[in-house]
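In: Test case, fold it:
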Amino acid sequence: MTQSYDVLGIGNAIMDVIARADDAFLVRERIPKGAMNLIDEERAEHLYGAMGQATIISGGSAANTIVGVQSLGARAAYIGKVKADDVGDLFAHDLRSTGVHFATLQPKDGPATARSFIFVTEDGERTMNTYLGASQNLSVADIDSRLVESSAIVYLEGYLWDPPAAKDAFVKASHIAHKAGRRVALTLSDSFCVDRYRAEFLDLMRKGIVDIVFANESEVKSLYETSDFETAVSALRDENVLGIVTRSELGSMVVEGQATHVVPAFPIDKLVDTTGAGDLFAGGFLYGLAKGADYVTCANLGGLAAAEIIQHLGARPQLDLAQHAKMHGLG
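Out: As a prediction, this is how the structure comes out:
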């Protein structure tokens, strides 16, 4: 089949509600700092009432990545579940306005569209409290086979492993992609997510269900149950995957077997909010990969996109990333 899209993202479709908070607020609300915490609808309503002035924007890890891919000038598509409610309509409108193809059916019944209440502390750390709502009803029926077959890379978020029905959708998409000669990427999403599904994530790599794995330093150490970064990277080398590990201000590392590429972080003026840093790094890297760039260029594109996102509130670019990349010799 002719390739129509460079990258297709599949993930939890979530509206982000972002507010400033101090550490005392997190302690008072018993929220583990820096993690993604799953909450129910009652807790969601409580946190919404307790938080200060908020910025509301469509989000979700894979959706953020796909918007980054699109902003860099590629053709991107997304599969994720929202309800036919006001919040779901806003999500769909926001995503389509960026140029991303989004056609997943919005049910009229069932749980409300998912929301993530994100608290950003003075140090730029973000803490997420996510009500999965309608997103957890993503199923095999939502996987458009023709869309998967026509996408060069299919990108799956680890958070999607929480809703049980989504696991089958995840695996189906991988099988369709590989049958069509496409590549499949996975982001581990969060160290707590890795703690919950370590054996299953390793199984996805070892059974060839995924070809490319994105992780940050804490996630890769959690995956191999070690506190030593080099030990974790050594274990990742033994997997038959392309591994990309982000290390915040230390930049990133790309490993494929014994080959290693260490790429420095992009300089920034001020750290404001780390929300979406890993998502946008993946977007930049996947854009480069889809366009046939070498791994160092891919990592530099990822670093550029991540640097843009952490200098303002929210996980969607405020600059035209394609023009931004050209200004830095990466276009």
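In: Not counting residues beside it along the chain, what's closest to L236?
Out: G243 (4.5 Å; CB to CB, 6 or more residues apart in numbering). Quick note: C-beta positions are derived from backbone N, CA and C, even for glycine.
In: Confirm for me that Q3 is in contact with S150.
Out: Yes. The pair Q3 / S150 is scored as a contact, 5.9 Å apart, by CB atoms under 8 Å.
In: and V233, that's in a helix?
Out: Yes. Using DSSP: H, G, I helix; E, B strand; the rest coil, the assignment for V233 is a helix.
In: residues near it, how many?
Out: 19 (other CB atoms under 10 Å).
In: contacting residues for it?
Out: Neighbouring residues of V233 by CB atoms under 8 Å, 6 or more residues apart in numbering: 220, 243, 245, 253, 255.
In: So which of the residues you listed are in helices?
Out: If you go by DSSP state H, these have V220 in helices.
In: that older thread, what is the burial count for the residue nearest to L236?
Out: Neighbours around G243, by other CB under 10 Å: 22.
In: Return the distance of D85 relative to V194.
Out: 32 Å (CB to CB, to the nearest Å).
In: higher neighbour count, these two?
Out: With neighbours defined as other CB under 10 Å, D85 and V194 compare such that V194 has more, 24 against 18.
In: Report the spatially nearest residue to that one, omitting neighbours in sequence.
Out: With CB to CB, 6+ apart, the residue lying closest to V194 is S222, at 4.2 Å.
In: my guess is the one you found meets R198, correct?
Out: Yes. Applying CB under 8 Å, one finds S222 in contact with R198, separated by 7.1 Å.
In: contacting residues for the residue nearest to L236?
Out: Neighbour list for G243: 212-213, 215, 220, 233, 236-237, 254-256 [criterion: CB under 8 Å, 6+ apart].
In: Report the backbone C-alpha coordinates of stretch 314-326 in CSV.
Out: Extracted C-alpha coordinates of stretch 314-326, given in CSV (Å, rounded to 0.1, in the frame of the first residue of the first chain):
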residue,chain,number,x,y,z
GLY,A,314,2.0,23.2,28.2
ALA,A,315,2.9,20.3,26.0
ARG,A,316,2.2,21.7,22.5
PRO,A,317,4.7,23.8,20.5
GLN,A,318,4.3,27.5,20.5
LEU,A,319,6.7,27.9,17.5
ASP,A,320,6.5,26.5,14.0
LEU,A,321,9.0,23.7,14.6
ALA,A,322,9.8,23.3,10.9
GLN,A,323,11.0,26.9,10.7
HIS,A,324,12.7,26.6,14.1
ALA,A,325,14.6,23.5,12.8
LYS,A,326,15.7,25.3,9.7
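In: Give me the nearest residue to the most centrally placed residue in the chain, chain neighbours excluded.
Out: Centroid-nearest residue in the chain, with CA atoms, centre = their mean: S61, separated by 3.1 Å. Once flanking residues are discounted, S61 sits nearest to E157: 4.4 Å by CB to CB, 6+ apart.
In: So in terms of bridging, what pairs with the one you found?
Out: Assessed by DSSP bridges, E157 has beta-bridge partners T187.
In: And it, how far from T226?
Out: 24 Å.
In: The two: which is more packed in?
Out: Neighbours per residue, other CB under 10 Å: of E157 and T226, the larger number sits with E157, 29 against 15.
In: tell me the secondary structure for K326?
Out: helix.
In: Quick one: neighbours of it, just the number.
Out: If we define neighbours as other CB under 10 Å, then K326 has 12 of them.
In: Renumber starting at 33 from here on
Out: In the new count, where the first residue is 33, that last one comes out as K358.
In: How much space separates it from L333?
Out: 11 Å.
In: Likewise for D326?
Out: Counting by CB to CB - D326 and L333 are separated by 11 Å.
In: who has more neighbours, the two?
Out: The neighbour comparison of D326 against L333 (other CB under 10 Å) goes to L333, with 28 against 12.
In: That one is in contact with G320, isn't it?
Out: Yes. Proximity of L333 to G320 meets the contact threshold set by CB under 8 Å, at 4.5 Å.
In: And A56, how far from A314?
Out: 33 Å.
In: When these two are compared, which one has more neighbours?
Out: A314 (30 against 9).
In: G41 - that's part of a strand, no?
Out: Yes. The assignment for G41 is a strand, going by three-state DSSP.
In: For it, give me its contacts.
Out: Contacts of G41 by CB under 8 Å, 6+ apart are 94-95, 97-98, 101, 108-112, 187-189.
In: so what's the closest residue to D311 other than its chain neighbours up against?
Out: Sequence neighbours aside, N96 is the residue nearest to D311 in space, at 3.8 Å (criterion: CB to CB, 6+ apart). Contact analysis of N96 by CB under 8 Å, 6+ apart lists 308, 311-312, 315, 347-348.
In: just M68 next, same as before
Out: Counted by CB under 8 Å, 6+ apart, M68 has contacts 148, 160-162, 191, 221-222, 224-225.
In: what residue ranges in this protein score low on pLDDT?
Out: The chain contains residues with pLDDT under 70 at 33.
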